[in-house]
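Participant: Just need the structure, nothing else, for what follows:
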Amino acid sequence: MILNHYWGVNKPWVINDYSRMRLAVDLVYKWHNPKRDMIKEFAVANWNKKMQQSVLQT
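Facilitator: Numbers count the residues shown, from 1 in each chain. Take a look at the predicted model:
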């Protein structure tokens, strides 16, 4: 879901951290990004590493 409902609106709208992050995620994960699979794999690997470190620390 790209934030396309914002582009056609002619009224001012608030930009916050959520809307910035949502737009960034939408742009990275869309089908037209040739590196999206690699980015997803790195994100999952990073998450798994952080989870393992968290478990080891407890």
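
Participant: Which pLDDT value does the model give the residue nearest to the spatial centre of the chain?
Facilitator: Closest residue to the average C-alpha location of the chain: Val25 at 2.5 Å, with CA atoms, centre = their mean. On the pLDDT scale, Val25 is placed at 84.

Participant: Please, which helix or strand holds it?
Facilitator: helix 17-29 (DSSP states H and E).

Participant: and that helix, what other elements does it pack with?
Facilitator: Applying 3 or more CB pairs under 8 Å, 6 or more residues apart in numbering; DSSP states H and E, we find helix 17-29 packed against helix 36-57. Where you see a C-beta, it was placed from the backbone N, CA and C, and this is true even at glycine.

Participant: Convert the helix it packs on to CSV, retaining C-alpha atoms only.
Facilitator: This file holds the C-alpha atoms of helix 36-57, laid out as CSV (Å, rounded to 0.1, in the frame of the first residue of the first chain):
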residue,chain,number,x,y,z
ARG,A,36,13.8,-6.2,-2.6
ASP,A,37,14.5,-10.0,-2.1
MET,A,38,18.0,-9.3,-1.0
ILE,A,39,16.8,-6.5,1.4
LYS,A,40,14.2,-8.9,2.9
GLU,A,41,16.9,-11.6,3.4
PHE,A,42,19.2,-9.2,5.1
ALA,A,43,16.4,-7.9,7.3
VAL,A,44,15.4,-11.4,8.4
ALA,A,45,19.1,-12.4,9.0
ASN,A,46,19.6,-9.3,11.1
TRP,A,47,16.4,-9.9,13.1
ASN,A,48,17.4,-13.6,13.8
LYS,A,49,20.9,-12.5,14.9
LYS,A,50,19.4,-9.9,17.3
MET,A,51,16.9,-12.5,18.7
GLN,A,52,19.7,-15.0,19.3
GLN,A,53,21.8,-12.4,21.1
SER,A,54,18.8,-11.5,23.2
VAL,A,55,18.2,-15.1,24.2
LEU,A,56,21.9,-15.6,25.0
GLN,A,57,21.9,-12.5,27.3
